[in-house]
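**Student:** With the input below, show me the fold.
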Amino acid sequence: MRADERLTIQQHPPALQMLPDAVMPQSVTLRSEELQAESLMLNLDASLRVYARHELFTWTQGALQSLIEHELLICAMPNGEHGSFYVDSFSTTTLEPARVSELFRQDVTMVPQLIKAWEENHCEPVAFDAAALAALTGSALGRELARIGTHSVVAHGTYDGNGELASFFTFGCAPAAVGAHERHVVELVVPFLHAAWVRTRVNWPADGAVVKPAVENVLTARETEILQWIYHGKSNIEIGMILNISALTVKNHVQKILRKLNVLNRTQAIGKALALRILNP
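**Tutor:** Next up is the predicted model:
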């Protein structure tokens, strides 16, 4: 293909094809609906308690997964320049959040088309097949989504009083079937997600205390190293291969990390370590 032909494709890409609604089971029990409603209320309440980046990480990669199962969350906000965004990414998979944020900022194909599709859908959530989207746009961001096993993308945003884009959130999901129910949940959650994320960007005074740097020797050097790899989404087996130790040894270190940080799981450990500045995002 000639260079001029490639340029034409990039400038005039075919229209994006939104995912069809997933077929939902007809026999949904009342108990299931009650549990979903309870989970939604708990998540909305949790969002109101987010004031710092580590708290947003803990919520989105913890409790929110029960409502919107995702491999990656990208939060974007216009920074005043046309087509330019302030971007923050959250994930516990095998990727670098900072790299994803940079790919989003640099993207000139997939991101504009997602926003355009959202606007043309009357600013309601849109869902797309991730592989088809990546192939259509030839986007480095799209290829990264495919690499981490993202099969579908759900996007939704908010707008200000002038009808201008205020924020845009992209969920990279592993499940291929993303239908009306998932989009409805995203529609309910995103306003709270927007408010929570905005609060993390404000320097709120703490209640009588300021978060201080981590106390020395909370974790050993090896434990800190392992926690850093956990933050990048590595499993015990992968960490063992990287550090040339057994997976069982890694597991023992992880258990010690959880005890020392007084947390129950790996996601909480990352959130606590970010809060104590043991880890730097």
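
**Student:** how close does Gly163 sit to Thr109?
**Tutor:** 24 Å (Cβ to Cβ, to the nearest Å). All C-beta spots, glycine's among them, are computed from the backbone N, C-alpha and C.

**Student:** ok, those two, which is more surrounded?
**Tutor:** Thr109 (20 against 9; other Cβ atoms under 10 Å).

**Student:** Phi first, then psi, for the more buried one.
**Tutor:** In terms of degrees, to the nearest 10, the main-chain angles of Thr109 are phi -120, psi -60.

**Student:** which SSE is Val218 in?
**Tutor:** Using DSSP states H and E, Val218 falls within no helix or strand.

**Student:** Wait, it touches Arg277, no?
**Tutor:** No: the pair Val218 / Arg277 is not scored as a contact, 10.4 Å apart, by Cβ atoms under 8 Å.

**Student:** higher neighbour count, these two?
**Tutor:** Val218 (15 against 12).

**Student:** quick one: the helices in the stretch 101-250 of the chain?
**Tutor:** Counting by DSSP state H, counting those that start in this stretch, one finds helices in the stretch 101-250 of the chain at the ranges 110-120, 130-137, 140-147, 180-200, 221-231, 236-243, 247-261.

**Student:** And the longest one, what does it pack against?
**Tutor:** Right, helix 180-200. Identification of packing neighbours for helix 180-200 by 3 or more Cβ pairs under 8 Å, 6 or more residues apart in numbering; DSSP states H and E yields helix 30-47, helix 53-60, strand 72-78, strand 126-129, strand 152-159, strand 165-173.

**Student:** average pLDDT across stretch 265-275?
**Tutor:** What stretch 265-275 shows for mean pLDDT is 82.

**Student:** Which segments of the protein make up each domain?
**Tutor:** 33-200, 221-275 (automatic domain parsing).

**Student:** what's the closest of the ones you listed to Met18?
**Tutor:** Comparing those against Met18 with Cβ to Cβ, the closest turns out to be domain 33-200 (5.6 Å).

**Student:** Start and end of that closest one, how far apart?
**Tutor:** 32 Å (Cα to Cα, to the nearest Å).

**Student:** do the same with stretch 90-97
**Tutor:** 6 Å.

**Student:** in that stretch, what's buried?
**Tutor:** Phe90, Ser91, Thr92, Thr93, Leu95, Pro97 (16 or more other Cβ atoms under 10 Å).

**Student:** How about stretch 181-197?
**Tutor:** Glu182, Arg183, Val185, Val186, Val189, Val190, Phe192, Leu193, His194, Ala196, Trp197.

**Student:** and what of stretch 125-143?
**Tutor:** 125-131, 133-134, 136-137, 139-142.

**Student:** shaky segments in the stretch 101-250 of the chain?
**Tutor:** By pLDDT under 70, the weakly predicted segments of the stretch 101-250 of the chain are 176-177, 203-217.

**Student:** Can you show me the CA trace of stretch 62-69 as PDB?
**Tutor:** Provided in PDB are the C-alpha atoms of stretch 62-69 (Å, rounded to 0.1, in the frame of the first residue of the first chain):
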ATOM      1  CA  GLY A  62     -11.200  -3.700  44.200                       C
ATOM      2  CA  ALA A  63     -14.900  -3.200  44.900                       C
ATOM      3  CA  LEU A  64     -15.700  -1.700  41.500                       C
ATOM      4  CA  GLN A  65     -14.600  -4.900  39.800                       C
ATOM      5  CA  SER A  66     -17.700  -6.600  41.100                       C
ATOM      6  CA  LEU A  67     -19.800  -4.200  39.000                       C
ATOM      7  CA  ILE A  68     -17.500  -3.500  36.000                       C
ATOM      8  CA  GLU A  69     -14.900  -6.300  35.500                       C
END
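
**Student:** Looking at the buried residues of stretch 125-143, which two lie furthest apart in space?
**Tutor:** Every pair of those checked by Cβ to Cβ; the farthest is Pro125 and Ala140, at 24.2 Å.
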